[in-house]
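J.: please work out how this folds:
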Amino acid sequence: MKILGFVISGTKKGGYFISQKFYSEQIEEKLGFKPFPGTLNIQIQEGNLEQIAKIPLEEIGTIKGKGDFGDVKYIKASLNGEINGAIVFPVKTQHPQDILEFIANVNLREHLTLEDGALVSLDIKVIQG
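T.: Numbers count the residues shown, from 1 in each chain. Below you'll find the model as predicted:
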């Protein structure tokens, strides 16, 4: 499943949350990489929300929260066909539904030379059968 969107600035809180040891350890265990302390925010078109809603529940993983930190749902994806990572869906979020957060093991803005407004593609790893 491929989704296009535009890079936007976020609240700058993603790094704080990803840096929490219990989150980063679970990400490394479940996704196979040590996450860069930050997320790339991508605004998608409304029609893509319907596609995401159709992802089978068995394809969506959970990273358990701790204390006041909520759970985070995730699905494996790649960005621009170059960087493997995951789209994360924090249960507690301030983002509207049309903003997706992508995590990877590198600083995506630097590695891919991305600025606000850059068009990116997400390839969501859904096993269809």
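J.: so which residues of this structure form helices?
T.: Along the chain, the stretches classed as helices by DSSP state H are 14-18, 21-31, 46-53, 108-111.
J.: just put these in a markdown table and tack on mean pLDDT.
T.: Listed next are those as a markdown table, based on pLDDT from 0 to 100:
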| stretch | mean pLDDT |
| --- | --- |
| helix 14-18 | 79 |
| helix 21-31 | 92 |
| helix 46-53 | 80 |
| helix 108-111 | 94 |
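J.: which of those sits closest to Gln97?
T.: Nearest to Gln97 among these is helix 46-53 (5.7 Å), distances taken as CB to CB. Every residue, glycine included, has its C-beta placed from N, CA and C.
J.: and the closest one, what does it pack onto?
T.: strand 2-8 (3 or more CB pairs under 8 Å, 6 or more residues apart in numbering; DSSP states H and E).
J.: and the strands in this structure, which stretches?
T.: Along the chain, counting by DSSP state E, strands occupy 2-8, 40-44, 61-63, 72-79, 83-90, 99-103, 119-124.
J.: the fifth one: partners in the sheet, and parallel or antiparallel?
T.: According to DSSP bridges, strand 83-90 has the following sheet partners: strand 72-79 (antiparallel), strand 99-103 (antiparallel).
J.: residues near Glu42, how many?
T.: Let me fix one detail, which is that residue 42 is Ile and not Glu. If you count neighbours by other CB atoms under 10 Å, Ile42 ends up with 26.
J.: that one and Leu108 touch, don't they?
T.: No: using CB atoms under 8 Å, Ile42 makes no contact with Leu108, being 9.9 Å away.
J.: now do the residue nearest to Phe69 when sequence neighbours are not counted against Gly10, distance only.
T.: Sequence neighbours aside, Gln20 is the residue nearest to Phe69 in space, at 6.3 Å (criterion: CB to CB, 6 or more residues apart in numbering). Applying CB to CB, to the nearest Å, the value for Gln20 to Gly10 is 17 Å.
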